[in-house]
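Colleague: Got a predicted structure plus its sequence, pasted below:
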Amino acid sequence: MLSISTMARMLAVIAALTVMSGCSTLTQMEATTPGTTLEIHGSARIELPRSEDLKSKATGQYEFMATAPDGKKLYGLLPLNVNGGTMAMSILFFAPAMFIGGFRDVLPFYQVDVDNQVLNYKRKAGDPWSQYRPRDVESARAKAHFDGLK
């Protein structure tokens, strides 16, 4: 039979591995208009398409600003996916890990459409695009963030 201290160490290792496995997600970002740039809170403005490795979040969002070649802008928040597995493991083994490592991940695919003021996203390459149209309050929040960086 395992001692209580051995079991505690095993649970700590499992919790640490769970936290580390959900720390970041690689996402592919593209645009419907060539020459569009995208800046995400915490990342540099880069022309699309690009791949980005973004950390999971427990709280907060990723604000973004997309700029078409003609100067038209789209501000909003990246839609995030709640990772139920990470959340469940954190609750079962070490609840604070949920807030350390995060349980809300970026999605694997985003497509910026500045002309139509939408951000398309999907979970798998073969899935159809889902559409996110930023609400006014979300756009204002993202715009305030990027305006504050100037």
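Modeller: Yes, it's here. Owing to the predicted nature of the structure, the values given are computational and were not obtained by experimental measurement.
Colleague: For the strand ranked longest in the chain, name the packing helices and strands.
Modeller: When the chain is parsed with DSSP state E, its longest strand is strand 24-31. Counting contacts by 3 or more CB pairs under 8 Å, 6 or more residues apart in numbering; DSSP states H and E, strand 24-31 packs against strand 50-55, strand 104-106, strand 109-113. Bear in mind the C-beta positions are built from the backbone N, C-alpha and C, glycine included.
Colleague: could you dump the ones you listed to CSV with mean neighbour count and distance to Lys72?
Modeller: Formatted as CSV, the helices and strands packed on strand 24-31 follow (neighbours: other CB atoms under 10 Å; distance: least, CB to CB, whole Å):
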stretch, mean neighbour count, distance to Lys72
strand 50-55, 14, 20
strand 104-106, 21, 24
strand 109-113, 21, 11
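Colleague: Least confident of these, on average?
Modeller: Of all the helices and strands packed on strand 24-31, mean pLDDT reaches its minimum on strand 104-106 (a mean of 76).
Colleague: how about low-confidence regions in this protein?
Modeller: Within the chain, the stretches with pLDDT under 70 are 1-2, 5-25, 57-59, 82-104, 150.
Colleague: neighbouring strands for the longest strand of the chain, and are they parallel or not?
Modeller: Here strand 24-31 has these sheet partners by DSSP bridges: strand 50-55 (antiparallel), strand 109-113 (parallel).
Colleague: so which strand or helix has the closest residue in space to Trp129 that isn't next to it in sequence?
Modeller: The shortest distance from Trp129 to any non-neighbouring residue, by CB to CB, 6 or more residues apart in numbering, is to Asn120 (3.9 Å). For Asn120, the enclosing helix or strand under DSSP states H and E is strand 118-122.
Colleague: how long is stretch 26-36 end to end?
Modeller: 20 Å (CA to CA, to the nearest Å).
Colleague: should've said stretch 127-136
Modeller: End to end - CA to CA - stretch 127-136 spans 28 Å.
Colleague: buried residues in it?
Modeller: 132, 134 (16 or more other CB atoms under 10 Å).
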